[in-house]
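Engineer: Build me a structure from this.
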Amino acid sequence: MIKKSLELYRKHQMIIRYLVFGGLATIVSIGSYFIFAKVCHIEEVTSNILSWVCAVLFAYVTNKVFVFESKKSEVKEVIKEMSTFFGMRLVSGLFEIAMFALLVKVFLLNDLVIKVILQFIIVILNYIFSKLVIFKKD
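Structural biologist: Here you go, the predicted model:
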C-alpha cells in the first residue's frame, strides 16, 4: 500500500504539489479577503483586489520554488519569468474580479460563497498558465 502510494505520488507529484500550494494560496486569498472585508470593513471589491495581490505574491514564490522547481537564476531570466507569472495572474485576476463584482454587486449573491467558488476556477486556470506558459521546460 505504501509502495503504491509512493509510486502514485512520484507519477503525479507536480499536480499534487500544485494542489497543495494552490490550496494554501486559496487560503491566503480567502483569509486576507475576510480580514480586509469583514475585520477592516473595506469595500468588498477593493478587499477582493487586495486579497488577490496577497495570493499572487504567495503563489509566485511557492510555484517557483516548490511546485515547478524553476532553476532560473540570471536576473534577465527571473525578470522574464516573474513578468510572465504576474501577467498571467493578472488575466485570471481580472476574470475573478469581474465575475466577483458581477455576481456580488449585480446579482447580490453572498460574497464569501462567490469568493470560494471562484477560487476553484482560478486554481485550474492558473495551473494551466503555469504549466504551459510560465514554468514550461525549455
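
Engineer: Which strands and helices lie in contact with the helix or strand residue 128 falls within?
Structural biologist: Using DSSP states H and E, residue 128 sits within helix 111-129. If you count contacts as 3 or more Cβ pairs under 8 Å, 6 or more residues apart in numbering; DSSP states H and E, helix 111-129 packs onto helix 13-34, helix 44-62, helix 75-101. Glycine gets a C-beta too; all of them are placed from N, C-alpha and C.

Engineer: now the angle from that helix to helix 75-101?
Structural biologist: Comparing the axes of helix 111-129 and helix 75-101 via axes from the mean of the first three to the mean of the last three Cα atoms, to 10 degrees yields an angle of 150 degrees.

Engineer: on that earlier part again, need the helices and strands packed on helix 111-129 in CSV with mean neighbour count and mean pLDDT, can you?
Structural biologist: Converted to CSV, these look like this (neighbours: other Cβ atoms under 10 Å; pLDDT from 0 to 100):
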stretch, mean neighbour count, mean pLDDT
helix 13-34, 17, 92
helix 44-62, 19, 92
helix 75-101, 15, 92
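
Engineer: Any idea which of these gets closest to residue 6?
Structural biologist: With Cβ to Cβ, the closest approach to residue 6 among these belongs to helix 13-34: 10.1 Å.

Engineer: Now do the closest one: everything it contacts.
Structural biologist: Identification of contacts with helix 13-34 by Cβ atoms under 8 Å, 6 or more residues apart in numbering yields 9, 47-48, 50-52, 54-55, 58-59, 62-63, 66-68, 112, 115-116, 119, 123, 126-127, 130-131.

Engineer: got the CA positions of stretch 8-22 in PDB?
Structural biologist: Extracted C-alpha coordinates of stretch 8-22, given in PDB (Å, rounded to 0.1, in the frame of the first residue of the first chain):
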ATOM      1  CA  LEU A   8       1.400   7.400  -7.400                       C
ATOM      2  CA  TYR A   9       2.900  10.400  -5.700                       C
ATOM      3  CA  ARG A  10       6.100  10.300  -7.900                       C
ATOM      4  CA  LYS A  11       4.000  10.000 -11.000                       C
ATOM      5  CA  HIS A  12       1.800  13.000 -10.200                       C
ATOM      6  CA  GLN A  13       4.000  14.900  -7.800                       C
ATOM      7  CA  MET A  14       3.800  18.200  -9.700                       C
ATOM      8  CA  ILE A  15       0.000  18.200  -9.700                       C
ATOM      9  CA  ILE A  16      -0.100  17.200  -6.100                       C
ATOM     10  CA  ARG A  17       2.300  19.900  -5.100                       C
ATOM     11  CA  TYR A  18       0.400  22.400  -7.100                       C
ATOM     12  CA  LEU A  19      -2.900  21.500  -5.400                       C
ATOM     13  CA  VAL A  20      -1.300  21.700  -2.000                       C
ATOM     14  CA  PHE A  21       0.300  25.100  -2.700                       C
ATOM     15  CA  GLY A  22      -2.700  26.200  -4.700                       C
END
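
Engineer: Good, we can wrap up now.
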